[in-house]
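Enquirer: For reference, the sequence and a predicted model appear below.
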Amino acid sequence: MRRIACLLVHRFAAAAIVRIEPALAGRPLVILGDTAPARLVIEATDEARAQGVRRGMTEGQLLAEPRAVVCRERSNDAEIAAHRALLEVALAHSPRVEGGGPGIGYLDVAGLSGLFGDERQIGARLSGAARELGLHARVGIAGSRAGARLAARGTSDLTVIPPGGEAMALAPAPLALLDLPPEIAARLARWGLRTLGDLAALPSPALFERMGEEGLALQRLARGEDPRPLHLHEPAAMIEEQHELDDPVDTLEPVWALLVALAARVCERLSRRQHAADRLEWICHLADGTEHAGQVVPAFPTADASAMGILLRGAVEARPPRAPVAAVLVRAWPIHIAPGQESFDGPLRPSPRRLAETMARLAALVGGDSLGAPEVLDTHRPDAIRLSPFTPLSAVAPRSRRRRVGRLAATAARDDSAFQLAGRELLPAEPEALTRRTASIPREDIEMTSTGEAREPDPTAAGALTLALRRFRPLRRAAVTLVGGRPVQVRAEGCMGRVVASAGPWRSSGEWWGESRWARDEWDIELQDGTICRIFTDGRTWSVEGIYD
């Protein structure tokens, strides 16, 4: 047995404006259309109608008498976002959903009683879910679209037409309920037909002779028979919310407030779909006709409004608009996050909500470009790392991610805290251990196996020595005096004096086939005050890479 529910938002143009401006709820609101030569009233709330406002009045007629009404222009963007939000409410309850026009949505509720209860409970859930998104939707349930729409047009928030009662319920409804083409509506009016009951009572053979199969199809609809399946609605790949300002603003505070409000509405829709956003885009439409846009990537896909607001505020604060802002748009790309099971014997993972909010606050402090996880590039260039979007690491690293020590175990010092030395393998460090941790072994203490592979000395052996290189970030420029090609004097911040011992040079180069070719000579030196440090030159300048502790 087929059962269709209709979600209908009464006076949709005004409801879409109230959704983005909740303070207008309950006030006399008038929606004006941008038509020539004068703007006309296209919609008015019940409070405005009580003051004599009627649809079709010109703006001059509206203002001719003193009325305490609030006027707003019709917003297509607000209506599109509100309609999508309404259909998302339907999709959260049934996979078979069809859009019936602005502010109207149909869904198949047959077989949902096992999940949500009887039809009245289903209707109450639909009405409550729409209200949470800022829309007052009336719900009608019947065996056809026309019956469900008629039920939703009543004065009650929920009307259910029992099975088999569609023809009787539809009989007094006007023919306009079928959304007839103008020529057919005029033809039926010439025949004296005014209601669906009049059309349903016509003899079918005579109607077929005059209108063919189209006439019989309309008669079946008038009787509540609707065999056509729902035209399934496919949700948009992204979720967006937009707000147009009455007057452009040239300060950031109102823009931040709008971003927070838009982020809250985006998160409500994400939560309704049980999704999270892995990328956010913001666009400021400026008064000079240009756009000021940007995007942020949260550390963890999130549907938390506070974390999203912090991210957007930090991004706009880092790159403020160059002209007054006339409208703001926030767009999110949703993804489904499968729930994860915590390990019984491993460390607990951080809360995705707390992690996203913490990373958002850090991005606001240091900038999004300065926040991330170090990633070692596939090259032999020293310090060849970059910042990648932060992704929480699992408690145990897969075997395939382990890296063998290369020619020298001392290269572990070059990986700048992203890895830790363990035997002859480099393992990804734990998230809480992402501090500056480096290890280095003097080159003269490295042993070579019979196969030519580097092997570090046994720390328990007599005379074994292990030093740690404390690297400088950024590198410290140095002035080096050479005698016979060897450094004899160094002048740099924190590393200055005569060289009493030196080892090197260790020469390396790479990428000689392209424009990014590089070469460097490294030296380990001891100064007269006992300081042991590493210096290097790229052929043009000298730098101090770090000091051994």
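Expert: Nice, I can see it.
Enquirer: Would you state the helices of the stretch 151-300 of the chain in chain order?
Expert: With DSSP state H, counting those that start in this stretch applied, the stretch 151-300 of the chain shows helices at 166-170, 182-190, 196-200, 204-222, 252-272, listed in chain order.
Enquirer: Need the CA coordinates for the helix or strand where residue 61 lies. CSV is fine.
Expert: Under the criterion of DSSP states H and E, residue 61 resides in helix 59-64. What follows is helix 59-64, C-alpha atoms only, in CSV (Å, rounded to 0.1, in the frame of the first residue of the first chain):
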residue,chain,number,x,y,z
GLU,A,59,5.6,49.6,-2.6
GLY,A,60,4.0,53.0,-2.9
GLN,A,61,0.7,51.7,-1.7
LEU,A,62,2.4,49.8,1.1
LEU,A,63,4.1,52.9,2.4
ALA,A,64,1.1,55.2,1.8
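Enquirer: Report the buried residues of that helix.
Expert: Along helix 59-64, these residues count as buried under the neighbour rule (16 or more other C-beta atoms under 10 Å): residue 62. No exception for glycine: its C-beta is placed from N, CA and C like everyone else's.
Enquirer: immediately after that helix, which helix or strand?
Expert: From helix 59-64, the next helix or strand downstream (DSSP H and E) is strand 70-73.
Enquirer: Residue 117 and residue 281: what is the separation?
Expert: Residue 117 sits 39 Å away from residue 281, taking C-beta to C-beta, to the nearest Å as the criterion.
Enquirer: more neighbours, those two?
Expert: Each of residue 117 and residue 281 had its neighbours counted (other C-beta atoms under 10 Å), and the higher figure belongs to residue 281 (18 against 13).
Enquirer: List the residues that contact the more buried one.
Expert: With contacts defined as C-beta atoms under 8 Å, 6 or more residues apart in numbering, the neighbours of residue 281 are 293-295, 330-332.
Enquirer: Return the per-residue confidence for it.
Expert: The model reports residue 281 with a pLDDT of 86.
Enquirer: cool, residue 391 as well?
Expert: In this prediction, residue 391 has a pLDDT value of 60.
Enquirer: and the residue lying closest to residue 188 once chain neighbours are set aside, how many residues sit next to it?
Expert: If the residues on either side of it in the chain are set aside, residue 188 comes closest to residue 175, at 6.0 Å by C-beta to C-beta, 6 or more residues apart in numbering. Using other C-beta under 10 Å as the criterion, residue 175 is surrounded by 19 other residues.
Enquirer: in the stretch 1-150 of the chain, which segments are predicted with low confidence?
Expert: Judged by pLDDT under 70, the stretch 1-150 of the chain has its weakly predicted residues at 35-36.
Enquirer: quick one: contacts of the helix holding residue 61?
Expert: 30, 32, 38-41, 53, 69, 71.
Enquirer: still on that earlier bit, now the helices of the stretch 151-300 of the chain as CSV including distance to residue 485 and mean neighbour count?
Expert: As requested, the helices of the stretch 151-300 of the chain are exported to CSV (distance: least, C-beta to C-beta, whole Å; neighbours: other C-beta atoms under 10 Å):
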stretch, distance to residue 485, mean neighbour count
helix 166-170, 99, 20
helix 182-190, 96, 12
helix 196-200, 102, 21
helix 204-222, 96, 15
helix 252-272, 58, 19
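Enquirer: can you list contacts of stretch 492-506?
Expert: For stretch 492-506, with C-beta under 8 Å, 6+ apart as the criterion, the contacting residues are 442-444, 476-479, 486-490, 521-529, 531, 533, 535, 544, 547.
Enquirer: Okay, and which of these map to strands?
Expert: Those of the contacts of stretch 492-506 mapping onto strands are 476-479, 486-490, 521-527, 533, 535, 544, 547, per DSSP state E.
Enquirer: Filter those residues down to the buried ones.
Expert: Neighbour counting by 16+ other C-beta under 10 Å classes 476, 478, 487, 490, 521-527, 533, 535, 544, 547 among the ones in strands among the contacts of stretch 492-506 as buried.
Enquirer: wouldn't residue 126 be in contact with residue 5 here?
Expert: Yes - proximity of residue 126 to residue 5 meets the contact threshold set by C-beta atoms under 8 Å, at 6.5 Å.
Enquirer: Quick check: neighbours shared by these two?
Expert: 90, 139.
Enquirer: how close does residue 315 get to residue 304?
Expert: According to C-beta to C-beta, residue 315 stands 16 Å off from residue 304.
Enquirer: low-scoring stretches of the chain, by residue?
Expert: Counting by pLDDT under 70, the ranges of the chain that qualify are 35-36, 299, 337-357, 360, 364, 367-369, 389-465.
Enquirer: Distance check, the residue of the chain positioned farthest from its centre against residue 502.
Expert: In the chain, the greatest distance from the average C-alpha position (C-alpha atoms, centre = their mean) is reached by residue 484, at 61.4 Å. Here the distance between residue 484 and residue 502 works out to 11 Å (C-beta to C-beta).
Enquirer: repeat for residue 147
Expert: Computed with C-beta to C-beta, the distance linking residue 147 and residue 502 is 93 Å.
Enquirer: who's more crowded, those two?
Expert: With neighbours defined as other C-beta under 10 Å, residue 147 and residue 502 compare such that residue 147 has more, 30 against 15.
Enquirer: list the contacts for that one?
Expert: By C-beta under 8 Å, 6+ apart, the contact list for residue 147 reads 4, 140, 161, 166, 169-170, 224, 226.
Enquirer: With residue 245 instead?
Expert: Contacts for residue 245 were tallied using C-beta under 8 Å, 6+ apart; they are 254, 258, 325-328.
Enquirer: can you list these in a markdown table and add distance to residue 336?
Expert: Below are those laid out as a markdown table (distance: C-beta to C-beta, whole Å):
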| residue | distance to residue 336 |
| --- | --- |
| 254 | 34 |
| 258 | 28 |
| 325 | 33 |
| 326 | 35 |
| 327 | 30 |
| 328 | 27 |
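Enquirer: quick check, nearest of the residues you listed to residue 244?
Expert: Within the contacts of residue 245, the smallest distance to residue 244 is 4.4 Å, found for residue 327 (C-beta to C-beta).
Enquirer: Surely the closest one is in a strand?
Expert: Yes - counting by DSSP: H, G, I helix; E, B strand; the rest coil, residue 327 is found in a strand.
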